[in-house]
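In: Could you look at this predicted model? Sequence included:
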Amino acid sequence: MQLDPVTIQILWNRLITIVDEAATGLMRTAYTPSVKEYHDFCCALFDADARMLSHSTVTTAGFLGIVPEVLRNFIAKYPPETLRPGDAIITNDPWIASGHLIDISIAAPIFHGGRIVGYTLCIVHHLDMGGRMSTLESKDMYEEGLKIPILKLYDEGRLNETVFDFMRANIRVPDKVLGDVRAQLVANNVCSRGLKALLEEYRLDGLEALGAEVIDRTESSLRRKIAALPDGSYRNVAVLPKVPGCDDEVVVKIDVTVAGDGITVDYSGSSGEVGAAINCSYNMTRSYTAYPVKLALDPHVPNNDGGLRPIEVIAPEGTIVNSRPPAATWGRTMISHLFPEIVFATMEAVMPESILASNGGCPANEVYLHGRHADGRSFLAIAQHSGGFGASARHDGYACLCFPNNTRNIPVEVTENEARMYYVRKELRTDSGGPGRNRGGLGQEIEFAILDGGNEGARDVESSVRLSGRTEDGPFPVFGRLGGRNGRGSGLWHNGGPVDHGVYRRLAPGDRVRFVLSGGGGYGDPFEREPGRVLADVGQGYVSIESAEEEYGVVIDPATMTVDADATRRLRAPGGPPAK
Amino acid sequence: MTDSYRLGIDIGGTFSDFALVDDADGAIRVEKVLTSAHAPEESVMRGIGDLSGAIPDLLGRTSGVIHATTLVTNTILERKGAKTGLLTTEGFRDILELAREVRYDIYDMFIRLPEPLVPRRLRLGVPERVLADGAVLLPLDEAAVRQAAAVFREEGVGAVAVSFLHSYRNSVHERRAAEILREELPAVTVSLSHEVHPEPKEYERTSTTVLDAYVKGVAEGYLERLAEGLAGRGYRERLFVMLSNGGTATVETAKRVPVQIVESGPAAGVEAAAYFGRLAGIDSLLSFDMGGTTAKLCIVENGRAARTRSYEVDRQHRFKAGSGLPAAVPVYDLLEIGAGGGSIARVDDLGLIRVGPDSAGSAPGPACYGLGGAAPTVTDADLLLGYLNPGYFLGGRMALDRAAAEQAVGKHLAEATGLTTLEAAAGVHEIVNENMAAAARIYVAEKGKAPSELSLVAFGGAGPVHAAGLARKLGCPRLVVPPHSGVMSSLGLLAAPVAFERSRAVRQILEAVDLAALEAGFRALEAEAGELMPDGAAIVRRSVDLRYSGQDYPLEVEVAAPCDTPMTKGDWEARFEALYRSHYGKVDDDNPVELASIRVHVSQPPPALALARPPATADAPPKAWRDIHISPGAGMERAPVYERAELRIGQEIVGPAVIEEPESTTVIGPGDRLRVDPLGCLAVDLVIHRPAASDDDANETPRPAALGRP
């Protein structure tokens, strides 16, 4: 079949529609807030050659570079000629799939006209996989829970009960986790049905011609954008915050080379694997390295294999950016979430209009709560909150907006219905946004308390709160860009005393946990911000009158709430009174 | 005088439409006037004045006025509501700004979010706390509420929204805070979250409550002035307002929670589609309204339109979920797509033609309007394909410039893609149809229907031009184009049957439900809904919302009465499983089925409307012939063009053919069979080639055949 531009456009849209429909099926049939509210998942559709052609638009960015590799790995173990209609393949192997055990990948071949025409894949971040649960303390994979090797979960439509039996025996809330696994199977069914309907409607016997068009056009679009950048090599070294309980220093070295229409990102020289649960698989590193390139250069082209082709990622084996089994990986986003801003910092001089200052909630925050209700039911709840968005050449950062992953917060009322606790506050922090010509978004302060279940022996709640680990005076603050200042605020307190993040502690009824997520970094010199915008920020309570004067050089009369133009001019004049 | 009338009034952004039905013979008169943006009630009076010309003392002889308006939506979009304060649980005043902390587009770093309707300095927290189980942890600090009231007074706020955590479970603090606010601020309107949206998820509930508070003053003032204006012209009956879910409410109810009328106009359009569908003997259909900027689709099943509570106003990215302010009110579940006659076509970075979602609107409009628009649009493509008559657009009031359309399509699309101008125009038409079809497919699948079970009911200026193509893509076998498509919403106001729904949450494992108690529950709901009916002759329907225990999203299963029989649970479970399997390809064999809620829907038979039509004794011949585009393979072909008003009832036309009327143009393809039904609807049986999709590789362990319970 000859594909003209009109038909390609129509069929390409359909491929995206199909995976979005699969994602809807997943969300509708899921059992836990982590899928229904949090949205840490992806659905993807592949052609018969295992090239990813479409990726759900509701998803988080970490799957970007992972998805194509997962399917290739599946097929290496189960070549197409061994697959039958009704088969489904499962794994949570961090190196084969998405970088930590808590994510389960399930794929299925799509048969049409007696042959495989494509594959469907759904990856979900689950609530529990057994082991020590969500902690940075694990020293290796064996502490982190159950590992499912690549297996057939379904064999010609028959469930491999053994897989479910092992899972049921190893995880804390099996009904919920297995319910979400079933929702993944629903997603694959919906995807598969959608592709077959498309092929029948357009009387296609496969996706070969369409797949080639989709991928080639995506690839050449990104290559054109890369070619417009000046050739050159750009280097950066980032000394990352230390992880609690691990003395190993973590340094990420990056060398970005733009040559013609391709980009090479080389992480050689980065630190080795560490004995804490922050090691990245190569796939994970690739995801969050390709993501900022797409954001900066070609954001409006749909995601598929073609967008990864112009980007080569070099990461030597055995380093923290390309770890080997059995390194511990649960909190691998402690490292990988930083790659986008490291890439942006490295490219700041080349493309200042296409970058963001640092995000105050990056790496992502996660809160876990595990215990029993008064009636003996066990609960395991996950919550997530974001820090301030980084400012850019165009805009102030929004308060508390997720980046670089993209997960929704779980509502206070949903978590309080799941777990025996209540929130005391969840509020923006004045002055937390990094000052700049464009200001960083505000961060937030959160506090929660444990309720008494009234049942002896099961009164305590196990809880871990993972933060970014970044502090204002540490080696890796929340950076401002092009003269913008850093974002402010960080820390975790248990009953008023500062404590380590990312590790489990036992909380008794009445205990309080408080934490602060930083504001985003500012962009440009704060003395260049229009006084009217500073005044508006003060009026909203985003910026204090004191900070307006000290950081922005804008003097505001508190009685009239107007800008003192003369005093402001004097303060901002070159050689004028320095900021206090 | 014994005769009486009913009047439907739909106030849109540009036009206000009126439909008047004479109850004696069902005859309908329609009227259209320009909307006065500053005082829409004046347009109402003007329109009534025009209608009264032929009927003296019209309002004195009118037994019912039903109203729909875009006022609430426009108040929000234009930020013209009251200065609003928000009172929250202390520590949570920023929930309104924090929203869900997520980006609605993961690849766009520069997305824009809507400005919160309440600025931070007017968001005040007070000490109080209710827990998830409804227990009071911390009593309401009444002095703090009075202090907050003082701040609101100082700031001159006109409305206050109160949204405390878990008020959907225990509203004691919200109710007490409201008492205090009304004492302290007697002139200020108050909206309470447990009244506006009594459901968990604090952001969505707070946002809805704030929207309600924000529009309340404007809506109250308008509805009162409207009622007074009608009374002053002799109207003695009650004024009804259409809700966003097609229900009717008295003006008093609408004033109490005005955010409920946010989508009243589009809801009335859906009612009209349902009405004409029903008269044509079709009870499952897709209502399809395509205008200049957007297309709106809504599924109607067994005469009932799909409903949802996840609606957003003021989307920053019009067609992206999450980019607007959530209004969790019951609305018809309309699918809105950026596809209209004015949608702009361009060649993108990938070398492909893209259509919409941005629109040239009415100014500068499509290139062929000759008003300065240079970009090629869907209307330009439709003109080049022969579907539109350049001399008969809007009944000839606007001449279309074919050369300008050719120039726009040629320069912006054909050159860049290597296609001919005609191929590019055909591509634009095809892509906009596919854009609508792609969105509709997900939408229809989510409702558990197959398009092959649905007929398409098309209206709006561009709807009938694209309807046959869209229906063919979706696999809808039948198309209906009702008459008076320019005033469909005001007709819908009159056509909507009086209907009420009552539901009750159950949240029990089905196996453990006490059916005798449930039957009593159903009967209580039926009695409650029945009392609202003006007279007894009502159609009663029961349904249950079922899901697997632990899921959020239920599927609605219609059930028979009574339910206290030994077969009930097995029957419900089997029907739920069948529905679940048709949606998702498999069932859950681990978790038990939960009864989420029971529902009762009580309605009256739809009112009869008769549409005055000139008698025609013989088949009307074509008024002209012209070349129209048939398909990419077939190219252009000579087709007959008919004047719709001349067609005889019962006349049949086999496509290809074009049927013109002042407000729109209906295009049918080769082999399509059109028939004019007794109401003047064009009913078309379409030629469809569509094999059914097989489902042979769904993952499901074969289950024992014997599922039935004794």
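Out: Okay, I see it. Numbering: from 1, shown residues only, chains lettered A, B, ... in the order given.
In: What does A:L101 show for phi and psi?
Out: phi -70, psi -20 (degrees, to the nearest 10).
In: Kindly indicate whether the nearest residue to B:R225 once chain neighbours are set aside is helix, strand or coil.
Out: Distances taken as CB to CB, 6 or more residues apart in numbering or on different chains put B:E41 closest to B:R225, at 4.9 Å, once the chain neighbours are dropped. All C-beta atoms are positioned from the backbone trio N, CA, C, and that covers glycine. Following DSSP: H, G, I helix; E, B strand; the rest coil, we place B:E41 in the helix state.
In: Can you check what pLDDT the model gives B:E41?
Out: Looking at B:E41, its pLDDT is 88.
In: now do B:R541
Out: The score at B:R541 is 88. That number is its pLDDT.
In: dump the residue contacts of it.
Out: B:E558, B:V600, B:H601, B:V602, B:S603 (CB atoms under 8 Å, 6 or more residues apart in numbering or on different chains).
In: Mind checking which of those residues land in helices?
Out: The helices in this structure, assigned by DSSP state H, contain none of the contacts of B:R541.
In: Let me know the closest of those to chain A.
Out: The shortest separation between chain A and any of these is 19.6 Å, and it belongs to B:E558 (by CB to the nearest CB).
In: In this structure B:L87 contacts B:S167, no?
Out: No: the pair B:L87 and B:S167 does not pass the contact test of CB atoms under 8 Å, sitting 11.3 Å apart.
In: Show the average pLDDT along stretch A:108-119.
Out: Per-residue pLDDT over stretch A:108-119 has a mean of 96.
In: let me redo that: stretch B:278-291
Out: Per-residue pLDDT over stretch B:278-291 has a mean of 89.
In: And that stretch, how far out from the chain middle?
Out: The gap between the average C-alpha position of stretch B:278-291 and the chain average comes to 13 Å, counting by CA atoms, centre = their mean, to the nearest Å.
In: What residues of that stretch count as buried?
Out: Residues of stretch B:278-291 classed as buried: B:R278, B:L279, B:A280, B:I282, B:L285, B:L286, B:S287, B:F288, B:D289, B:M290, B:G291 (neighbour count, 16 or more other CB atoms under 10 Å in any protein chain shown).
In: ok, now stretch A:254-268?
Out: Using 16+ other CB under 10 Å as the test for burial, stretch A:254-268 gives A:I254, A:D255, A:V256, A:T257, A:V258, A:D261, A:I263, A:V265, A:D266, A:Y267.
In: What are the contacting residues of it?
Out: Identification of contacts with stretch A:254-268 by CB under 8 Å, 6+ apart yields A:223-224, A:226-227, A:229-238, A:252-253, A:270, A:285, A:289, A:293, A:310-316, A:319, A:321-322, A:342-343, A:346-347, A:350.
In: Go again with 7 Å.
Out: For stretch A:254-268, the surrounding residues in contact (CB atoms under 7 Å, 6 or more residues apart in numbering or on different chains) are A:223, A:226-227, A:229-236, A:252-253, A:285, A:289, A:293, A:310-316, A:319, A:321, A:342-343, A:346-347.
In: From those residues, list just the buried residues.
Out: With neighbours counted using 16+ other CB under 10 Å, the contacts of stretch A:254-268 contain these buried positions: A:223, A:226, A:229, A:234, A:236, A:252-253, A:285, A:289, A:293, A:310-311, A:313-315, A:319, A:321, A:342-343, A:346-347.
In: Just to be sure, which of the residues you listed are found in strands?
Out: When the buried ones among the contacts of stretch A:254-268 are checked against strands (DSSP state E), the matches are A:Y234, A:N236, A:V252, A:K253, A:I311, A:V313, A:I314.
In: Once you drop chain neighbours, what's closest to B:G125?
Out: The shortest distance from B:G125 to any residue other than its chain neighbours is 3.6 Å, reached at B:E90 (CB to CB, 6+ apart).
In: repeat for A:V58
Out: The spatial neighbour of A:V58 that comes closest, neighbours along the chain excluded (CB to CB, 6+ apart), is A:A23 at 5.1 Å.
In: hang on, isn't that neighbour packed against A:S56?
Out: Yes: because the distance of 4.1 Å satisfies CB atoms under 7 Å, A:A23 is recorded as touching A:S56.
In: shared neighbours of those two, anything?
Out: Here A:A23 and A:S56 share the contacting residues A:C43, scored by CB under 7 Å, 6+ apart.
In: follow-up on the earlier one: burial measure for the residue nearest to A:V58, as a count.
Out: Using other CB atoms under 10 Å in any protein chain shown, A:A23 has 24 neighbouring residues.
In: one step back: out of the contacts of B:R541, which end up buried?
Out: Among the contacts of B:R541, those classed as buried by neighbour count (16+ other CB under 10 Å) are B:V600, B:H601, B:V602, B:S603.
In: Select the longest helix from chain B.
Out: Assignment by DSSP H; longest helix in chain B turns out to be helix B:202-232.
In: buried residues in that helix?
Out: For helix B:202-232, the neighbour count (16+ other CB under 10 Å) marks B:202-220, B:222-223, B:226-227, B:229-230 as buried.
In: Would you indicate which residues of stretch B:572-583 are buried?
Out: Across stretch B:572-583, burial judged by 16+ other CB under 10 Å covers B:W572, B:E573, B:R575, B:F576, B:E577, B:Y580, B:H583.
In: Return the item of the residues you listed having minimum pLDDT.
Out: When these are compared on pLDDT, B:H583 comes out lowest, with 82.
In: Please confirm that that one is located within a strand.
Out: No: secondary structure of B:H583, determined by three-state DSSP: helix, with no strand assignment.
In: Assign the residue nearest to B:V487 when sequence neighbours are not counted to helix, strand or coil.
Out: Across the structure, with CB to CB, 6+ apart as the measure, the residue nearest B:V487 apart from its sequence neighbours is B:D17 (4.2 Å). Three-state call for B:D17 (three-state DSSP): strand.
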